[in-house]
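**Student:** mind looking at a prediction? Sequence and model below.
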Amino acid sequence: MTTTAPVGPPAGSGTSDGTAVDKGLKSGSLGLVGSVVVGMASTAPAYSLAASLGLIVASGGAILAGVKAPAIMLLAFIPMYFIAVAYKELNEAEPDCGTTFTWATRAFGPIVGWMGGWGIIAADVIVMANLAQIAGAYSFTLADDVGIHNTLASNTFWSTVAGIFWIVIMTYICYRGIEVSARLQYGLLTIEVITPIMVAVVALIKVYSHTAPKGSLTPQLSWLWPGGLSFGGVIAPAVLTAAFIYWGWDTAVATNEEAADPGRTPGRAAVISTVLLLITYVLVTTSVVAFAGVGTDGIGLGSAANAADVFTAIGPALFGDSFLGHVGLGLLTVSILTSASASTQTTILPTARTALSMAVYKAVPRNFARIHPKYLTPTWSTIGMGAVSIGFYLLITIISTSLLAALIGSIGLQIAFYYGLTGMACAWFYRKTLLSSFRHLLMRGIIPLVGGIFLFAMFVYGLVSYAAADWLTDDAGKNVTIFGIGAVAVVGMLALGVGFVLIALQWWRSPDFFQGRTLPRRSADLVLVGVVEGVPSTLPGSGEQGTVIAKDLSNLPVGQVAIDPETGETFRKDVT
């Protein structure tokens, strides 16, 4: 039996039934390479390794993963890849810049979807404080390296001022347009990827030529296997920290409505980005652990003094005091500065677009849906992200600079929450069509679900570990706690808790979204299966259509056929 329907407004036209809405962003601005660059730049490879590797090896001077740090990198990649697959599959069905917010709302309803969107925003706002602090301090370090001698890198006031300056600059670049942002990332990413690889090569040469300092180790294949590590006490918190290192590739999908092929390019870019990051991180981690060792003396990565920035800790010993050594140290400084500043920019991009999508569907105030008429970028969402980030950065700095160290772990909780939710949403959204092929069962069901379950398990185990009063200590050896509980756990849970307060406020102001009127729940009820002879396969200018068709046929192109996999009934639109 075939049911026909008259041609209605195409998907993306802003229909009242909750189908995809054209938000006014500049479409066709990013190709595959540009999307991969944006995705990788968002992870800030150099900065992420510098700030997190020491915390994976040890915590507070106590060995955590130790020489098994490369194994943690591999282990953290698995759920990241699984969730990247979930992003790819969901993006094919609905390439919406709200990503987790939109997809979780479709699958589980408005409350869960709103919290998914809030998880993205909260993680991005929190990380901005850490990025700004690194960018601010390294600005003065770079000035000192090039001959403008100063000691302001360790001055809280001036590094904070410089950090705010970076937020303002990058917010303006994001405001000016996605193409300007992408062009800048090409140069910045080149520096921040090549330099860590240079570090890895020099470190391995010194290790195998026996010119590495005392405490160095010879790399072993056993470093790639997590055997012997406690799941709750080591693997879970270490993987959460490593998740922070991989986190950011989803920016490639958050800019989907500005991609040349919204249904395919962003998802492919996300998967490619995670694989490239895996290769980079395992190589650099193995070489740095081998060169520095995991001891607590000197440059050993087991020392709490080296945890905050492993590259600065090993730099002098790695490159020496020669002219080339100073060049190498300078490149390290530049790579971390460009990495932090680039990530500041690419962190604003997905947050602004998540807020834009939420505003379009009336989940947050409508002002956040405003688009600049010339630059075609979110205005309120972009400027608002910059302003809130500055406010949070100042608040954390005023309370205690020690809290900045607590942010990385708490960001890991946010990441595990909304990435895990995306995996679950993918499996549930496609539940009715999973058995239509083995490929769908694997890629839309098993892989996303396993990734989601794994990340939620990491969330629970990590939260328990982070709540310990002695989990994080400051430079004086004192426990960093809030209300007597580990600060990492408190910051992470307070950030999520704020979301429920904001839900109540928005529900009171504008209940349409929460009553399912603007973005209703739906699943993959119909699957695209065929084309009527002689009819174009897509609507003019619409780009490639997703394989999932809405029940109201709003995104079914004229002449194409969709099938209900449960009943076998087919649907098509009349040819006009």
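**Tutor:** Sure thing, it's come through. Residues are numbered from 1 along each chain as shown.

**Student:** any idea which element Ser27 lies in?
**Tutor:** Taking DSSP states H and E as the definition, one finds Ser27 inside no helix or strand.

**Student:** tally of neighbours for it?
**Tutor:** 18 (other C-beta atoms under 10 Å). Just so you know, the C-beta spots here come from the backbone N, C-alpha and C atoms, and that holds for glycine as well.

**Student:** find the nearest non-adjacent residue to the most centrally placed residue in the chain, please.
**Tutor:** Central residue of the chain (C-alpha atoms, centre = their mean): Gly248, 2.5 Å from the mean position. Once flanking residues are discounted, Gly248 sits nearest to Ser42: 3.2 Å by C-beta to C-beta, 6 or more residues apart in numbering.

**Student:** correct me if wrong: that neighbour contacts Thr347.
**Tutor:** Yes: Ser42 lies in contact with Thr347 (C-beta atoms under 8 Å); the separation is 6.7 Å.

**Student:** identify the contacts common to these two.
**Tutor:** Common contacts of Ser42 and Thr347 (C-beta atoms under 8 Å, 6 or more residues apart in numbering): 248, 251.

**Student:** got the buried residues for the longest helix belonging to the chain?
**Tutor:** Taking DSSP state H as the criterion, the chain has its longest helix at helix 323-360. Residues of helix 323-360 classed as buried: 328-360 (neighbour count, 16 or more other C-beta atoms under 10 Å).

**Student:** how much does whatever helix or strand comes next after it deviate in direction from helix 323-360?
**Tutor:** Per DSSP H and E, the first helix or strand lying C-terminal to helix 323-360 is helix 380-399. Interaxial angle of helix 380-399 relative to helix 323-360 (axes from the mean of the first three to the mean of the last three C-alpha atoms, to 10 degrees): 120 degrees.

**Student:** packing partners for helix 380-399?
**Tutor:** Secondary-structure packing of helix 380-399 (3 or more C-beta pairs under 8 Å, 6 or more residues apart in numbering; DSSP states H and E): helix 110-145, helix 156-176, helix 323-360, helix 403-429.

**Student:** what distance separates the third one from the centre of its chain?
**Tutor:** Taking C-alpha atoms, centre = their mean, to the nearest Å, one finds the center of helix 323-360 at 12 Å from the center of the full chain.

**Student:** just stretch 125-137 next, same as before
**Tutor:** 15 Å.

**Student:** what's the answer for stretch 284-297, then?
**Tutor:** Stretch 284-297 has its C-alpha centroid displaced from the chain centroid by 27 Å (C-alpha atoms, centre = their mean).

**Student:** quick one: buried residues of it?
**Tutor:** Residues of stretch 284-297 classed as buried: 284-296 (neighbour count, 16+ other C-beta under 10 Å).

**Student:** make TSV from those and add pLDDT, secondary structure and distance to Ser35 to it.
**Tutor:** Below are the buried residues of stretch 284-297 laid out as TSV (pLDDT from 0 to 100; DSSP: H, G, I helix; E, B strand; the rest coil; distance: C-beta to C-beta, whole Å):
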residue	pLDDT	secondary structure	distance to Ser35
Val284	93	helix	24
Thr285	94	helix	26
Thr286	95	helix	29
Ser287	95	helix	29
Val288	93	helix	29
Val289	93	helix	32
Ala290	94	helix	34
Phe291	93	helix	34
Ala292	90	helix	35
Gly293	90	coil	39
Val294	87	coil	37
Gly295	85	coil	42
Thr296	82	coil	43
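
**Student:** can you tell me which of the residues you listed is nearest Gly384?
**Tutor:** Gly384 has its nearest neighbour among the buried residues of stretch 284-297 in Val284, at 35.3 Å by C-beta to C-beta.

**Student:** shaky segments in the stretch 201-350 of the chain?
**Tutor:** 322-325, 342, 345-346 (pLDDT under 70).

**Student:** now the helices for it?
**Tutor:** Along the stretch 201-350 of the chain, counting by DSSP state H, counting those that start in this stretch, helices occupy 236-246, 251-254, 265-292, 310-319, 323-360.

**Student:** now render those helices as CSV, adding distance to Phe513.
**Tutor:** Formatted as CSV, these follow (distance: least, C-beta to C-beta, whole Å):
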stretch, distance to Phe513
helix 236-246, 29
helix 251-254, 20
helix 265-292, 24
helix 310-319, 44
helix 323-360, 8
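
**Student:** for Leu74, find the nearest of these.
**Tutor:** Closest to Leu74 of those, according to C-beta to C-beta: helix 265-292, at 6.3 Å.

**Student:** that closest one: how far from the chain's middle?
**Tutor:** On the basis of C-alpha atoms, centre = their mean, helix 265-292 sits 14 Å off its chain's mean C-alpha point.

**Student:** do the same with stretch 427-435
**Tutor:** 25 Å.

**Student:** quote the end-to-end distance of that stretch.
**Tutor:** One end of stretch 427-435 sits 12 Å from the other (C-alpha to C-alpha, to the nearest Å).

**Student:** using PDB, write down the CA coordinates of stretch 33-49.
**Tutor:** The C-alpha coordinates for stretch 33-49 follow below in PDB (Å, rounded to 0.1, in the frame of the first residue of the first chain):
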ATOM      1  CA  VAL A  33      38.600  20.000   5.600                       C
ATOM      2  CA  GLY A  34      37.300  23.100   7.200                       C
ATOM      3  CA  SER A  35      35.000  21.100   9.500                       C
ATOM      4  CA  VAL A  36      37.800  18.800  10.500                       C
ATOM      5  CA  VAL A  37      40.000  21.800  11.300                       C
ATOM      6  CA  VAL A  38      37.300  23.400  13.400                       C
ATOM      7  CA  GLY A  39      36.700  20.000  15.200                       C
ATOM      8  CA  MET A  40      40.400  19.400  16.000                       C
ATOM      9  CA  ALA A  41      41.100  23.100  16.900                       C
ATOM     10  CA  SER A  42      38.300  22.900  19.400                       C
ATOM     11  CA  THR A  43      40.100  20.200  21.300                       C
ATOM     12  CA  ALA A  44      43.200  22.500  21.700                       C
ATOM     13  CA  PRO A  45      45.700  19.500  21.400                       C
ATOM     14  CA  ALA A  46      48.800  21.300  22.800                       C
ATOM     15  CA  TYR A  47      47.000  23.000  25.600                       C
ATOM     16  CA  SER A  48      44.900  19.900  26.500                       C
ATOM     17  CA  LEU A  49      48.000  17.700  26.700                       C
END
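
**Student:** for Val450, find the nearest of the helices of the stretch 201-350 of the chain.
**Tutor:** Using C-beta to C-beta, the helices of the stretch 201-350 of the chain put helix 236-246 closest to Val450, at 14.4 Å.
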